[in-house]
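Novice: fold the following for me, if possible:
(2 chains)
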Number of protein chains: 2
Amino acid sequence: MQRVDFPAPAQWPALQQRPAQAEAAEVEQRVRAIFDDVRQRGDAALRHYAATFDGATLTELRVSAAELAAAAAAVPADLQAAIRQARQNIERFHSAQREAELRLETMPGVECWRRPVPVQRVGLYIPGGTAPLFSTLLMLGVPARLAGCPDIVLCTPPGKDGSVNPVILFTAALLGIDTVIKAGGAQAIAALTGGTESVPAVDKIFGPGNRYVTAAKQLAAQRGVAIDMPAGPSEVLVIADASANPVFVAADLLSQAEHGPDSQVVLLSDSAPVLDAVTAEVQRQLADLPRRDVAAQALRESRAILLASAAEMLQFSNQYAPEHLILATDNAEELAAGVTSAGSVFLGHLTPEAAGDYASGTNHTLPTNGYARNYSGVSLDSFVKKITFQRITPAGLRALGPVVETMAEAEGLRAHARAVTLRLESIGN
Amino acid sequence: MQRVDFPAPAQWPALQQRPAQAEAAEVEQRVRAIFDDVRQRGDAALRHYAATFDGATLTELRVSAAELAAAAAAVPADLQAAIRQARQNIERFHSAQREAELRLETMPGVECWRRPVPVQRVGLYIPGGTAPLFSTLLMLGVPARLAGCPDIVLCTPPGKDGSVNPVILFTAALLGIDTVIKAGGAQAIAALTGGTESVPAVDKIFGPGNRYVTAAKQLAAQRGVAIDMPAGPSEVLVIADASANPVFVAADLLSQAEHGPDSQVVLLSDSAPVLDAVTAEVQRQLADLPRRDVAAQALRESRAILLASAAEMLQFSNQYAPEHLILATDNAEELAAGVTSAGSVFLGHLTPEAAGDYASGTNHTLPTNGYARNYSGVSLDSFVKKITFQRITPAGLRALGPVVETMAEAEGLRAHARAVTLRLESIGN
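Specialist: Okay, here's the model as predicted:
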C-alpha cells in the first residue's frame, strides 16, 4: 500500500482519484458487432458465441425444468442452509422497503396518489468464470420477486459441458425463477435488449460483469433499456482510529483486494501505530491466500493515509464516496451520522464487509467509482416504477382551475388554459 | 390526425413507434467543443456564449441579491398567488413522499438500516426562449428543497438585456434558491459538470432543454454526473370511450400538441362516433390558438386509433408507455388499476393534463419516449440517495458468521471468509 502522511486538502482530489479505465473503443466496437449479430441471427448467434467463448455446444438455450429440479442434489446441505438463511435476511430487509400507495388531497377535490408498479420484464445477468456468483443472484432475484416483476429472465454462461453451475440453478429454483438462459457476455445483454426466439426482451437489466458486459449494458441503455447503475471496480474505504483491531482491518482490506486486480482499497487513520500495524498485518495475511496474486496487485495501487482527526477522515471519505465504508471505531454510530456519500456502511469492529456481501440482508449491488455521490445501491425501488395519478372533482376544478389558467397564460400556452376553461364553463359555478 | 381502425395486434408496434430523432453526431461534436472551452476558460467561455447565443453582454454571471429581491415587483399579483398555490400543492404531495429511516434486525444481533441522504449538490436547468418555464422550476426546486440538498444551483439563459425573466427569479426567491447563474444551453450544463469560477460543479443535473442541452446532459452523464432521466419530446395518450366529452378530449390533445412540432399525441377509442367528433373538434379549436402552426405540425404525425374494447385500449397504452395518460371514461378508477406503464395518469372527464402540468401537486418531469416502461418521474427520491448501514453484535456474528463463511468459501473468496473467522475466534463462544 502507498503510505501518505497528512496530505494537504489540496492533494486530496489526486488521492481520491480512481485509476483510469482502459481505452474502451475497441471493446465497444466488438460489442456492437455482437449486438448486430444477435439481432440478425437470434438464437443461432447465441449458440455460436457459446461455442466460441464458453466452449459449449448447445441445442437448447433454456435450462430445462429437469435441470433446475436436479440442481439441489449437487449442492451440499450446509451451503443450501446458508443460502436459505441469506435469502431470509435479504427478504426481511427488502420487504421492509415496500411502500404503500400514497394518496392525499392536495386541495379539497384534488386527489393525487402514487402507486408503485413493478417493472414488467427484468433481466438478471450473473457471470460465470472462476466464482459462481450465486450471492448476486440472491441480491437481484429477491427484490425482483418481492417487487412482483411478472417476467424475470436470468442469463448466465454455460460451462464447457453445456451445463450451468448447480448452485446458481439451486438459487434460481429457490427464488422461483424458471426462465434461465445459457448465455453469457455481451451476447446475453444483446439478447435481453432485443429478444431472440428463446430469450424475451426486457425493460431493465441488472448485474455485474467484465468490461464487455459493462460496455454491452451501456449500449443497451442507449437503446431504451434501463440498467441498474454505471459499473466500476469494487472498492472499500476503511476509517480506523486508535481503537481499531489491525488484524480485522487487514482482513477487510484483503477481502476487498481479492475481488480483482483493479479493486480499490483505501485506509484512513488518525493513528500512525494503527496504520503501521495494519500494513504489516496485510503482508502477513496475504501470504497464504489462494487469490494472493490478485490481492497483491490490487494493493500496489492502494493507499494508507494518515489524517489529523475523525472529522478529516469523514470529510475525505465523503469526497471519495466509497462503495463500501467500514467505520472501525468505537464511536461508529456517531461517525455514521455524518456520512453523506457511501454505498453501504459497516459499523464497529465486528461488522465485516463480507457480512453485507452475503447474508446480513442489505444489498451488495452498490455504486462504485464515486457514483455514491449521486446513486443509491440496488433496492426494492430498483424494480419498481412509481406512477402518479390524479382525479379532480367539480369543486376541485373550481378551486384549482383559475390557478392553472393564470400560470398557463403566463407561460404562453393558451391550449393548456383552455383545457381548463372549457371544463369550468361546462360545470358552471 | 392519422386515423386507423381496428389495427391487428401485429401492427401495434409500428403505431407505437415514436418518430426517429434527428442525427445527433453534429450536435454532439459541437457540445463537446463547448465542454472543452468551458473547462479551459471557465467564466470567460460562459460570457462568450452569452454574447454569441443570447446576445447578452454580461460582467457578473451570478444574479445579484438585488435582482432577486426586485423580481416580485414585476410579477402580477394574480400570478404570484397562483405560483404560491401551486407551490403549496406540490409541496404537499412531495412531502408525503418523505421516508423515515428504516431500521430492523434481520437476525438477532444483526441490525440493518437505511437512511435517505440528500444529494449534496444539484443543478437545475430552466430554459429561456419563448416561454419562461417557471412551472418546471417549481417541479424541481420544491423537491430539492424538501430533500434538503445543501447546494442548489439554478442556471437559466439571460435575455438580450442581460436580465433573467422576473417570474423565474420570483419563483427562485420564493423557494429560497439564491445561486442563480445567467447561463443557458450546453455551456450551462458544461459549467454545472466541471465547475467554473462562478458556477459550482454539481452531483446531479435536472431539467429540460433543446437538443443541445439534451446532448450536453448525456455527455455530463458520461463524465460522472447523474441526470434526472433520458429526454424526449412530450407526449399524451388519451383513452376516450363513449362517455367522453369530445370538446374536452380535443382541448387536451391540443394542449399537448402546442408544446412543440415533435409532440406526440395518440387518441384511442372504442367508439367511432367519439373519434369522429374529437377529430372535428380538434380542427375547430385549432383555428384560434396562438401556437396553431406548432400544434398543426404535431397533429400531422399524430394518430387516432379505433380499438375493440377497453381491455385492448389499456393493453395498447401499456405497450406504448405514455408520459401522460388521460382516462376520459366514467370507469377511470377501474381502468387505472390496470395501468402498468405511464408517467402520470389523469382520471375522468374533469382532470385535464394541464392540472398536473402546473398545480395539482404531482410532478410534471416525467419519462417520455417509452421510458415509462422502466423509469419513474421526478419525485423526492430523485434528490435523495438511500444509504444502507449495518452493525453486528457478538451474538449476531456467532449466528450469521458461519453462513457468511460457507457462502464465501463456495464462491472461492477465502479472504472474505477469513474476515469473519478471525473475528469469531477473537470473541470465542
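
Novice: for residue A:111, which three-state class applies?
Specialist: Three-state assignment for residue A:111 (DSSP: H, G, I helix; E, B strand; the rest coil): strand.

Novice: and for it, the neighbour number?
Specialist: Neighbourhood size, residue A:111 [other Cβ atoms under 10 Å in any protein chain shown]: 20. The way it works is simple: take the backbone N, C-alpha and C, and place the C-beta from them, glycine included.

Novice: with residue A:103 instead?
Specialist: So residue A:103, with other Cβ under 10 Å, has 12 neighbours.

Novice: isn't residue A:99 up against residue A:113?
Specialist: No: applying Cβ atoms under 8 Å as the test, residue A:99 and residue A:113 come out as separate, 11.7 Å apart.

Novice: so those two - more neighbours on which side?
Specialist: The neighbour comparison of residue A:99 against residue A:113 (other Cβ under 10 Å) goes to residue A:113, with 20 against 14.

Novice: which element is the residue lying closest to that one once chain neighbours are set aside on?
Specialist: Spatial nearest neighbour of residue A:113, chain neighbours left out: residue A:103 (3.8 Å); criterion: Cβ to Cβ, 6 or more residues apart in numbering or on different chains. Per DSSP states H and E, residue A:103 falls inside strand A:102-107.

Novice: quick one: the helices in the stretch 251-400 of chain A?
Specialist: In the stretch 251-400 of chain A, the helices defined using DSSP state H, counting those that start in this stretch lie at A:272-286, A:292-300, A:310-320, A:332-336, A:353-358, A:394-410.

Novice: what's the most buried one of these?
Specialist: Sort the helices of the stretch 251-400 of chain A by mean neighbour count, taking mean count of other Cβ atoms under 10 Å in any protein chain shown, and helix A:353-358 sits at the top with a mean of 28.

Novice: hang on, the earlier thing: turn the helices of the stretch 251-400 of chain A into TSV, columns for distance to chain B and mean pLDDT.
Specialist: Listed next are the helices of the stretch 251-400 of chain A as TSV, based on distance: least, Cβ to the nearest Cβ, whole Å; pLDDT from 0 to 100:
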stretch	distance to chain B	mean pLDDT
helix A:272-286	7	96
helix A:292-300	7	92
helix A:310-320	8	97
helix A:332-336	6	97
helix A:353-358	4	96
helix A:394-410	4	97
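
Novice: redo those helices as CSV? Include distance to residue B:367.
Specialist: Rendered in CSV, the data for the helices of the stretch 251-400 of chain A read as follows (distance: least, Cβ to Cβ, whole Å):
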stretch, distance to residue B:367
helix A:272-286, 47
helix A:292-300, 39
helix A:310-320, 31
helix A:332-336, 34
helix A:353-358, 31
helix A:394-410, 23
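
Novice: for residue A:201, which of those is the nearest?
Specialist: helix A:353-358 (31.1 Å; Cβ to Cβ).

Novice: could you list every helix and strand in contact with the closest one?
Specialist: helix A:246-257, strand A:324-328, strand A:344-347, strand B:384-392, helix B:394-410, helix B:414-427 (3 or more Cβ pairs under 8 Å, 6 or more residues apart in numbering or on different chains; DSSP states H and E).

Novice: circling back to that earlier point, okay, and the common contacts of residue A:99 and residue A:113?
Specialist: When contacts are counted by Cβ atoms under 8 Å, 6 or more residues apart in numbering or on different chains, residue A:99 and residue A:113 have no shared neighbour.

Novice: residue ranges with poor pLDDT in chain A?
Specialist: For chain A, applying pLDDT under 70 flags the ranges A:21-23, A:129-130, A:429.

Novice: state which helix of it is the longest.
Specialist: helix A:77-95 (DSSP state H).

Novice: do that one and chain B come into contact?
Specialist: Yes: with Cβ under 8 Å from any Cβ of the partner chain as the criterion, chain B is reached by helix A:77-95 at A:78-79, A:81-83, A:85-86, A:88-89, A:92-93.

Novice: and residue A:237, which of the three is it?
Specialist: Once three-state DSSP is applied, residue A:237 turns out strand.

Novice: surely it is in contact with residue A:268?
Specialist: Yes: look at residue A:237 against residue A:268 with Cβ under 8 Å: they come within range, at 6.8 Å.

Novice: mind giving me the domain split of chain A?
Specialist: Recorded structural domains for chain A (assignment: the TED database) are A:24-228, A:232-376, A:393-428.

Novice: would you mind giving those as JSON lines with distance to residue B:47 added?
Specialist: JSON lines is the format used below for the domains of chain A (distance: least, Cβ to Cβ, whole Å):
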{"stretch": "domain A:24-228", "distance to residue B:47": "34"}
{"stretch": "domain A:232-376", "distance to residue B:47": "29"}
{"stretch": "domain A:393-428", "distance to residue B:47": "28"}
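
Novice: nearest to residue B:313, out of the ones you listed?
Specialist: domain A:24-228 (17.8 Å).

Novice: measure that closest one end to end?
Specialist: Using Cα to Cα, to the nearest Å, one end of domain A:24-228 lies 20 Å from the other.

Novice: same question for stretch A:315-329.
Specialist: Terminal residues of stretch A:315-329 lie 16 Å apart, using Cα to Cα.

Novice: check stretch A:365-372 too.
Specialist: Note: stretch A:365-372 ends 12 Å apart using Cα to Cα.

Novice: which residues does it contact?
Specialist: Under Cβ under 8 Å, 6+ apart, the answer for stretch A:365-372 is A:16, A:18, A:136, A:139-140, A:206-208, A:228-235, A:264, A:320-324, A:341-344, A:374-378, B:224, B:226, B:385, B:387.

Novice: can you tell me which of these are in strands?
Specialist: The members of the contacts of stretch A:365-372 that map onto strands under DSSP state E are A:206, A:235, A:264, A:324, A:344, B:226, B:385, B:387.

Novice: assign residue A:153 to helix, strand or coil.
Specialist: Look at residue A:153: counting by three-state DSSP, its state is strand.

Novice: before we move on, back to that, give me the common contacts of residue A:237 and residue A:268.
Specialist: Common neighbours of residue A:237 and residue A:268, counting by Cβ under 8 Å, 6+ apart, are residue A:317.

Novice: re the thing from before, ok, the ones in strands among the contacts of stretch A:365-372 vs residue B:408, which is closest?
Specialist: residue A:324 (15.1 Å).

Novice: before we move on, back to that, partners of the strand holding residue A:103 in the sheet?
Specialist: According to DSSP bridges, strand A:102-107 forms sheet pairs with strand A:110-118 (antiparallel).

Novice: with just CA atoms, put the strand it pairs with into PDB.
Specialist: Extracted as PDB, the C-alpha positions of strand A:110-118 are listed here (Å, rounded to 0.1, in the frame of the first residue of the first chain):
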ATOM      1  CA  VAL A 110     -57.900  17.500  -6.000                       C
ATOM      2  CA  GLU A 111     -56.900  14.000  -5.200                       C
ATOM      3  CA  CYS A 112     -53.300  12.800  -6.000                       C
ATOM      4  CA  TRP A 113     -51.800   9.500  -5.500                       C
ATOM      5  CA  ARG A 114     -48.700   7.400  -6.300                       C
ATOM      6  CA  ARG A 115     -48.600   3.700  -6.800                       C
ATOM      7  CA  PRO A 116     -45.500   1.500  -7.000                       C
ATOM      8  CA  VAL A 117     -45.800  -0.700 -10.100                       C
ATOM      9  CA  PRO A 118     -43.300  -3.400 -10.800                       C
END
